[in-house]
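Student: Just a sequence and a predicted model for now, questions to come.
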Amino acid sequence: MPPEPPEPPAPPAPRGSGLRAAAAVVVAVGLVFGLYTAVSGASLRTPAEPGATRVEVPADPGWAPVDRPGPALSVPAADLAASLVCAGGRAGRDTVLLLSGTGADPDTAFRWGLRPLLAAEGFPTCLSTAPEANTGDVARRAEYVVHAIRTIAERTGRKVAVVGHSQGGMVPRWALRFWPDVRDHVSDLVALGPTNAGSDALRDGCAQGCSAAHWQQSSGSRFEEALNSGRRTFAGIDYTVVVSSGDTVVTPVPQASALPAEPGGGAVAGNGAIAVQEVCPGRRVAHGPLGLSDAASFALVVDALENPGPADAARVPAATCRRTQATGITAAELRQGTAAVDRAVARAAAEAPVLPAEPDLPCYTRPDPC
């Protein structure tokens, strides 16, 4: 029998309450995105095999079937339209949709690092900006991702490559799980330190309450159970998960992030994840730099996007390991960009509503339609 629905959560604590001032809240909101000091021609989608037999996935009695059409988007159309900003690139390249983590908008996160790097490689890029600095309900944020993928595919007539950091690497999987139509529009999903299986560190940080997004990204959450129900990867999409042994936010490493290969699923890099230490042994990279500035992780992003299939650590040039930040990021840009992210995360920590428990899941996740 399906599990009993959870009790409705108590109302969020009012702004300025004593609960908001709890140190655990600041730590939880700050950690996911990374209040940190930086450390010293054609779509390349993997084609399905000719004549391949589709692998039937047994229905999970507790969750929606993986191929049930997704629900109508509940976010107002005007808000969705305003959330997507794109820049052009070289003809013959898939557009890269960039998704930031909890606590900062994608422009603040990527304008000084990953976005100009991809532009230099000729990739068109788009930013999808959701409300509340991604501290609200991740399921609602996924609607913005669905809209972005559909819109980019319609405009370009090409598939979309998705690159995300932390929550930004996980939320497209919710879109792919519950809106099956977007699967055919995605070529690659490259996730840097994603919360794919929930984080023990975040679970511990929510002991005194935290934001909706942090509850949902905690290990053992109902959100993570729904996310990983039925199927974790989908055929025709290349999945690259990049992790670091120095990540103390999304823990344990790599289990909290990895996407193991499964029959009938998408192509997966490595043994479910590639650690930057596989590229550069002994490299020290924390959660923030992993998605914002690190030369080795960015080299894996480019490798995944420029080659058929997921990233391959063996293709990354050895010279990459001699650099801390990625090519094109000056010391001043690293300092200023990091400070901007820190300010954004601090602001999100002060403004995010604090919930005493994980929010209810949308009705479309249930076995029976809404």
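Tutor: Nice, I can see it.

Student: What residues of stretch 242-260 count as buried?
Tutor: Using 16 or more other C-beta atoms under 10 Å as the test for burial, stretch 242-260 gives 242-244, 246-247, 249-251, 253-259. The way it works is simple: take the backbone N, C-alpha and C, and place the C-beta from them, glycine included.

Student: wait, I meant stretch 348-365
Tutor: Buried, per 16+ other C-beta under 10 Å, within stretch 348-365: Ala348, Ala349, Ala352, Pro353, Val354, Leu355, Glu358, Pro359, Leu361, Pro362, Tyr364, Thr365.

Student: Please apply the same query to stretch 184-192.
Tutor: Buried residues in stretch 184-192 (16+ other C-beta under 10 Å): His185, Val186, Ser187, Asp188, Leu189, Val190, Ala191, Leu192.

Student: from the chain's centre, how far out does it sit?
Tutor: In this view, stretch 184-192 has its centroid 10 Å away from the chain centroid, taken as C-alpha atoms, centre = their mean, to the nearest Å.

Student: Tell me which two of the buried residues of stretch 348-365 sit farthest apart.
Tutor: Largest separation among those by C-beta to C-beta: Ala349 and Tyr364, giving 30.4 Å.

Student: Any idea how many residues pack against Ala207?
Tutor: Counted by other C-beta atoms under 10 Å, the residues lying close to Ala207 total 10.

Student: Where do the strands of the stretch 51-200 of the chain begin and end?
Tutor: Counting by DSSP state E, counting those that start in this stretch, the stretch 51-200 of the chain has strands at residues 84-87, 95-99, 125-128, 160-165, 186-192.

Student: so which of these comes closest to Thr320?
Tutor: Going by C-beta to C-beta, the one of these nearest Thr320 is strand 186-192, 15.3 Å.

Student: and the closest one with strand 160-165, angle?
Tutor: In terms of direction (axes from the mean of the first three to the mean of the last three C-alpha atoms, to 10 degrees), strand 186-192 departs from strand 160-165 by 10 degrees.

Student: partners of strand 186-192 in the sheet?
Tutor: Using DSSP bridges, the strands paired with strand 186-192 are strand 160-165 (parallel), strand 238-243 (parallel).

Student: Indicate which one of these is closest to Leu305.
Tutor: That would be strand 160-165 among the strands paired with strand 186-192, by C-beta to C-beta, at 5.5 Å.

Student: Distance from the closest one to the middle of the chain?
Tutor: Taking mean C-alpha positions (C-alpha atoms, centre = their mean), strand 160-165 and its chain are 8 Å apart.

Student: report the angle between the axes of it and strand 95-99?
Tutor: Using the same axes, to 10 degrees: strand 160-165 against strand 95-99 is 30 degrees.

Student: Output strand 160-165 as PDB, nothing but the C-alphas.
Tutor: What follows is strand 160-165 as a C-alpha-only set of coordinates in PDB (Å, rounded to 0.1, in the frame of the first residue of the first chain):
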ATOM      1  CA  VAL A 160      19.500  21.400 -24.700                       C
ATOM      2  CA  ALA A 161      22.500  20.600 -22.600                       C
ATOM      3  CA  VAL A 162      21.900  21.300 -18.900                       C
ATOM      4  CA  VAL A 163      24.700  22.200 -16.500                       C
ATOM      5  CA  GLY A 164      24.000  22.800 -12.800                       C
ATOM      6  CA  HIS A 165      25.700  23.200  -9.500                       C
END
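
Student: neighbours of the residue nearest to Ala296 when sequence neighbours are not counted, just the number please.
Tutor: Leaving aside its chain neighbours, Ala296 sits nearest to Val276 (4.2 Å; criterion: C-beta to C-beta, 6 or more residues apart in numbering). Neighbours of Val276 under the rule other C-beta under 10 Å: 30.

Student: didn't Val276 look like it was pressed against Val253?
Tutor: No: using C-beta atoms under 8 Å, Val276 is not in contact with Val253; the gap is 10.8 Å.

Student: Now for the two: what residues contact both?
Tutor: Both Val276 and Val253 are contacted by Val243, Ser244, under the criterion C-beta atoms under 8 Å, 6 or more residues apart in numbering.

Student: any idea how far the residue sitting nearest the centre point of the chain is from Pro194?
Tutor: The structure's the chain has its C-alpha centroid closest to Gly169; by C-alpha atoms, centre = their mean the separation is 1.5 Å. From Gly169 over to Pro194 the distance is 3 Å, taken as C-beta to C-beta, to the nearest Å.
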